[in-house]
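Engineer: just need the structure, nothing else, for what follows:
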Amino acid sequence: MNVSLLNVETEDAFGGLLEFAANNDLEGFKKYAEHEPSSVDEVGLWYGRQKGSNKMVVQQMTPLMVAATYGSIDILKLIVSLPEVDVNRNCGIDKSTALHCAASGGSVNAFDVVQLLLAAGADPNLVDANGRRPLDVLFVSPKLQGMKYSLQVLLSTDTSFEEEHNLRISVAPSNSNSPPLSPSHLNGSPCSPELVLSPKGGKSSDVPASSVPEKKEYPIDPSLPDIKNSIYSTDEFRMFSFKVRPCSRAYSHDWTECPFVHPGENARRRDPRKYHYSCVPCPDFRKGACRRGDLCEYAHGVFECWLHPAQYRTRLCKDGTSCNRRVCFFAHTTEELRPLYVSTGSAVPSPRSSNSAANAMDFAAAMSLLPGSPSSVL
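Structural biologist: Sure, this is the predicted structure:
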């Protein structure tokens with residue numbers, strides 16, 4: 001047998017598998033994979049654009065890397081569902097991972113690809129041979145600049161997006177004396193977008209500390225649970241009631257310490273069960289206003305993005321159980337994680353959701369249903 005001829009034929013056949021991955025040809029890919037199961041995670045030669053330039057070169061890539069580069073969603077879902085595939089594998093001279101390929105590929109499906117890879121365990125902190133993380137090699141077509149920010153948020157880490165842009169969250173009401181929720185109140189986790197929202201939802205510049213009004217003191221209502229109470233921190237409440245249900249308290253109180261929404265409050269969220277929008281930030285809303293309003297298919301503001309069922313508690317908080325934030329978008333233990341269904345992009349309830357359910361009386365008080373409590377007075 002001619003061994004060299006066999007090697008050439010094998011390489012040509014594997015090249016066909018990479019082409020199936022690039023073209024999102026699921027049927028062709030499955031047929032090849034059934035015949036050669038081990039080939040799904042093998043390395044082959046692929047001719048394509050070098051990262052960060054228009055130069056065409058021959059590179060070593062796995063089928064997962066090729067699929068990630070070209071935005072082949074169907075192929076990607078199939079590959080990451082296989083237990084033998086390492087989503088953090090690197091290869092080639094530049095030691096890139098599939099997440100590097102997804103970030104630098106410029107595909108129209110890049111956001112979905114990155115989400116799928118992260119859900120499958122891809123690490124955005126891994127660096128290539130040049131010390132670059134996926135965020136550092138991010139490339140988005142000029143025609144798709146609205147997607148750039150969304151990808152930056154997904155790929156951001158402690159030392160990248162939030163530090164370079166010096167951003168923070170503010171959910172101050174447009175006509176209230178209540179102070180904004182600072183990062184210490186909310187979440188400074190590496191993956192959280194920290195924005196300053198103006199009364200209309202646009203970005204504003206940082207305000208000097210000397211010009212920030214002192215926080216007004218409000219009397220504590222002992223009949224109502226604290227915002228950190230387990231009643232308010234279940235998955236169901238955070239995703240479907242937090243800043244969605246209107247507050248019925250008739251007296252002045254600190255909006256930033258209240259889990260319900262108030263007239264004119266920027267933190268207001270649409271109920272994701274009633275309005276069909278994704279967790280992807282709306283680029284028009286970030287610029288100041290979105291003409292589609294509640295009918296928009298994208299998230300309006302930090303809370304709609306990070307409390308969305310497809311996003312909430314699907315990642316671990318960097319501070320873990322020592323987190324002292326008043327409202328945190330992330331899981332603090334692995335038990336609190338809400339794993340994503342890779343096939344659909346939706347998340348499942350965490351064990352915490354059922355284990356931490358409060359008794360009926362406490363929940364009724366929290367939802368302003370008990371007669372006689374100050375919050376039930378209209």
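
Engineer: quick check: Phe29 touching Glu19?
Structural biologist: No. Applying C-beta atoms under 8 Å as the test, Phe29 and Glu19 come out as separate, 9.4 Å apart. Every residue, glycine included, has its C-beta placed from N, CA and C.

Engineer: more crowded one of the two?
Structural biologist: Neighbours were counted for Phe29 and for Glu19 using other C-beta atoms under 10 Å; Phe29 has more, 25 against 15.

Engineer: who touches the helix or strand that one falls within?
Structural biologist: For Phe29, the host element (DSSP states H and E) is helix 26-35. Residues outside helix 26-35 that contact it (C-beta atoms under 8 Å, 6 or more residues apart in numbering): 13, 16-17, 20-21, 39-40, 63, 74-75, 78.

Engineer: please flag which of those sit within helices.
Structural biologist: Counting by DSSP state H, the contacts of helix 26-35 place 13, 16-17, 20-21, 63, 74-75, 78 in helices.

Engineer: max pairwise distance over the residues you listed: which two?
Structural biologist: Ala13 and Asp74 (21.0 Å; C-beta to C-beta).

Engineer: ok, which stretches of the stretch 51-200 of the chain are helices?
Structural biologist: Secondary structure of the stretch 51-200 of the chain (DSSP state H, counting those that start in this stretch): helices at 63-70, 73-80, 98-104, 110-119, 148-155, 161-165.

Engineer: out of these, which is closest to Phe285?
Structural biologist: That would be, of the helices of the stretch 51-200 of the chain and by C-beta to C-beta, helix 148-155, which comes in at 11.2 Å.

Engineer: quick one: low-confidence ranges for this protein?
Structural biologist: 1-14, 52, 157-223, 341-378 (pLDDT under 70).

Engineer: try it again at 80.
Structural biologist: 1-15, 49-55, 143-146, 157-226, 228-229, 248, 250-251, 288, 339-378 (pLDDT under 80).

Engineer: list the contacts of the residue lying closest to Cys247 once chain neighbours are set aside.
Structural biologist: Nearest-residue entry for Cys247: Phe260, 3.6 Å, with adjacent residues in sequence omitted and distances by C-beta to C-beta, 6 or more residues apart in numbering. By C-beta under 8 Å, 6+ apart, the residues touching Phe260 are 241, 243, 245-248, 368.

Engineer: look up how far Tyr251 lies from Phe260.
Structural biologist: Distance from Phe260 to Tyr251, counting by C-beta to C-beta, to the nearest Å: 14 Å.

Engineer: domain parsing for the protein?
Structural biologist: As assigned by automatic domain parsing, the chain contains the domains 3-155, 158-378.

Engineer: which residue ranges of the stretch 101-250 of the chain form strands?
Structural biologist: Along the stretch 101-250 of the chain, no stretch is classed among the strands by DSSP state E, counting those that start in this stretch.
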